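**Q** predicted model, plus sequence, below.
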Amino acid sequence: MRTAWFRPKIFAATFLSVLLALHSRDAAAGEPAITAGSEAQARAYYQDVISKQLSFDATPGTTTLDNLLDFIGYPTSGAKVEALDPDVLMNPARASSSDGLGIPARGLSGATLREGDILVARFFAPKIVNINVPIPKAGWRKLVRLRVRPDSRAARIGIESAVILFNFFAPIGQPPFTEPSINTQVMLLAPKLPNRLFWLDFDPNGKLSLALNASFDAADLSAGGNRDYFVPDGCNDCHGSPGNFRPPIMNYLDTDHWFDRLDNDFAALKNTDTALVFDAHTNDFSQSPFAAAFDVIRRFNEEALLQNASVHPDSFEAQAARTWLRLHAQSDDHFPPVARSLNDSQPWVPSEAEGLNRLNRYCFRCHGSVRFSVFDRQAVVDRAGVMRQRINPSQQQAKIPGFKMPPDRTLDPAEMQALNDFLKSLK
């Protein structure tokens, strides 16, 4: 298992070897774009880390989401957490009632369920969509952040909160969230423990599973465009820890990117006028229901930045969260890509808007959270030569799994040429 931070005595040697491996991987790319991990590593992670270090029995196929909720002090069912409206879950009185989660308002040690203990947002999620099929289904997520209740088993070992991410798909034009979550991802946040963040994954029946089945590398795959991305490797790769060489981080919710995608791959969704911030029931930024639902996302992103800053304060991921919060401190509007530069000393400029829009459409799915962000202009300039090779590889390069970019689709030749010309022009 490559999780180096689990073994501090060999951290230095492992850190160096991982850096060399990552450099080689960026150059040769003989692996999938997102590290897939393996079943053996996932089983070892559940046994050695989740079960032993956290004292939570993590047995694939047996442990349930209900068990996890009880562990963090919410003795209720995962089905209720998945199904109940945010208005119910975020209201302590309604959440604790028999029509809600059915948990005591006063829990362990007499602690009261408080305002803010539960945070819920439902939203459009282009990141999870298989864009490599003729008619993609729209992806949707329901995020539930639960503060661990005092004196729960999880609280006693240093876990402070859990983030549960339910994943849904619906044909464009049909209501989302009507079918069960096809996969449910969980982050356990423990700021004072060396790992900082722990992963679990649950199948559609709420049983602990080993992997997320997703389409990040769809263009390289033949069986439906999906593959398994195992815990912890597949999770860490997208959360600030490629190669598992440092603690992972939370990703902020990028509302701007959701609205960007209505102008390209999801124009059909735009025509349905479905609310992307679903609980706003409108895409009109000026309406009060939009402001209320958007503020939930703002609160979550503030928490994401706090976690990022405590783990990797100088990372591009933390800077991306800071940028979103700065732009949206007093505004719920959609900011276009050219307004979202991460580096003030090297900002994207209006004359580069068309090229940046392409990077945002084709590359941001990975390179908003994996190794660098396309909104960091200097990072793109530094990598422009390699990116051009990846977008338009030679015949030999194209045979290497994971080399061709983007990994989730095959680009139209005209788009490929436009991206190449844009990257070539950058100075």
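**A** In hand now; what should we look at?

**Q** now do the same contact list for residue 166.
**A** Applying C-beta atoms under 8 Å, 6 or more residues apart in numbering, we find residue 166 in contact with 82, 141-144, 181, 184. Every residue, glycine included, has its C-beta placed from N, CA and C.

**Q** repeat that for 7 Å
**A** Applying C-beta atoms under 7 Å, 6 or more residues apart in numbering, we find residue 166 in contact with 82, 141-142, 181, 184.

**Q** most widely separated two among these?
**A** Farthest pair in the contacts of residue 166 (C-beta to C-beta) is 82 and 141. Separation: 11.4 Å.

**Q** between these two, point out the one with more neighbours.
**A** Between residue 82 and residue 141, counted using other C-beta atoms under 10 Å, the more crowded position is residue 141 (21 against 18).

**Q** in what helix or strand does the more buried one lie?
**A** Per DSSP states H and E: residue 141 is located in strand 138-147.

**Q** buried residues, the helix or strand following that strand. List them.
**A** Once strand 138-147 ends, the next helix or strand along the chain (criterion: DSSP H and E) is helix 153-156. Buried positions in helix 153-156, judged by neighbour count with 16 or more other C-beta atoms under 10 Å: 153-155.

**Q** could the residues you listed go into JSON lines alongside pLDDT and distance to residue 63?
**A** Shown next, in JSON lines, are those (pLDDT from 0 to 100; distance: C-beta to C-beta, whole Å):
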{"residue": "153", "pLDDT": "96", "distance to residue 63": "14"}
{"residue": "154", "pLDDT": "97", "distance to residue 63": "14"}
{"residue": "155", "pLDDT": "96", "distance to residue 63": "19"}
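
**Q** ok, so of those, who is nearest residue 175?
**A** For those, the residue nearest residue 175 by C-beta to C-beta is residue 154; the value is 34.3 Å.

**Q** test my guess that that closest one contacts residue 70.
**A** No - the criterion here is C-beta atoms under 7 Å, and residue 154 misses it with residue 70 at 9.6 Å.

**Q** residue ranges for the helices of the stretch 201-350 of the chain, please.
**A** Applying DSSP state H, counting those that start in this stretch to the stretch 201-350 of the chain gives helices spanning 233-237, 255-260, 267-272, 288-311, 316-327.

**Q** show me the one of these that comes nearest residue 405.
**A** Of all the helices of the stretch 201-350 of the chain, helix 233-237 sits nearest to residue 405, with 15.2 Å by C-beta to C-beta.

**Q** what distance do you get for residue 350 to residue 356?
**A** Remark: distance between residue 350 and residue 356 (C-beta to C-beta, to the nearest Å) = 10 Å.

**Q** who touches both of those two?
**A** By C-beta under 7 Å, 6+ apart, residue 350 and residue 356 have these common neighbours: residue 338.

**Q** coming back round to it: and of the helices of the stretch 201-350 of the chain, who's closest to residue 422?
**A** Using C-beta to C-beta, the nearest of these to residue 422 is helix 255-260, at 16.8 Å.

**Q** pLDDT (mean, whole number) over that closest one?
**A** The average pLDDT for helix 255-260 rounds to 98.

**Q** return that helix as CSV; C-alpha atoms alone will do.
**A** This file holds the C-alpha atoms of helix 255-260, laid out as CSV (Å, rounded to 0.1, in the frame of the first residue of the first chain):
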residue,chain,number,x,y,z
THR,A,255,-21.1,26.8,-8.9
ASP,A,256,-19.5,28.9,-11.6
HIS,A,257,-18.4,25.8,-13.5
TRP,A,258,-21.9,24.3,-13.3
PHE,A,259,-23.3,27.3,-15.1
ASP,A,260,-20.5,27.4,-17.6
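
**Q** check the offset of that helix from the chain's centre.
**A** Relative to its chain's centre, helix 255-260 lies at 14 Å (C-alpha atoms, centre = their mean, to the nearest Å).

**Q** outside of that helix, which residues touch it?
**A** Contacts with helix 255-260, where a contact means C-beta under 7 Å, 6+ apart, come from 123-124, 126, 276-277, 297, 334-335, 337, 340, 360, 364.

**Q** looking at those, which is nearest residue 93?
**A** Ranked by distance to residue 93 (C-beta to C-beta), the contacts of helix 255-260 are led by residue 297 at 23.6 Å.

**Q** so which of the helices of the stretch 201-350 of the chain gets nearest residue 89?
**A** Nearest to residue 89, of all the helices of the stretch 201-350 of the chain, is helix 288-311, at 10.9 Å by C-beta to C-beta.

**Q** just the angle for the closest one relative to strand 138-147, thanks.
**A** For helix 288-311 against strand 138-147, the angle by axes from the mean of the first three to the mean of the last three C-alpha atoms, to 10 degrees is 60 degrees.

**Q** and the contacts of helix 288-311?
**A** Here helix 288-311 makes contact (C-beta under 7 Å, 6+ apart) with 119-121, 143, 145, 189, 191, 196, 247, 249-253, 255, 277, 279-282, 284, 315, 317-318, 321-322, 324-325, 328, 332.

**Q** buried subset of the residues you listed?
**A** When neighbours are counted using 16+ other C-beta under 10 Å, these contain these buried positions: 119-121, 143, 145, 189, 196, 247, 249-253, 255, 277, 279-280, 315, 317-318, 321-322, 324, 328, 332.

**Q** how far does stretch 67-85 sit from the chain's center?
**A** 21 Å.

**Q** oh sorry, the question was meant for stretch 95-102
**A** With C-alpha atoms, centre = their mean as the basis, stretch 95-102 stands 29 Å off its chain's centre.

**Q** so for that stretch, what gets flagged as buried?
**A** Within stretch 95-102, the residues that count as buried by 16+ other C-beta under 10 Å are 95-96, 100-101.

**Q** save those residues as JSON lines, and put in pLDDT too.
**A** Output for the buried residues of stretch 95-102, formatted as JSON lines (pLDDT from 0 to 100):
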{"residue": "95", "pLDDT": "94"}
{"residue": "96", "pLDDT": "92"}
{"residue": "100", "pLDDT": "96"}
{"residue": "101", "pLDDT": "95"}
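
**Q** I'd like to know how many residues surround residue 426.
**A** Counted with other C-beta under 10 Å, residue 426 comes out at 16.

**Q** I should have written residue 195 there, sorry.
**A** Counted by other C-beta under 10 Å, the residues lying close to residue 195 total 17.

**Q** in three-state terms, label it for me.
**A** coil (DSSP: H, G, I helix; E, B strand; the rest coil).

**Q** what pLDDT does the residue nearest to it when sequence neighbours are not counted get?
**A** Closest residue to residue 195 apart from its sequence neighbours, by C-beta to C-beta, 6 or more residues apart in numbering: residue 247 at 5.8 Å. What the model reports as pLDDT for residue 247 is 95.

**Q** just residue 10 next, same as before
**A** 30.
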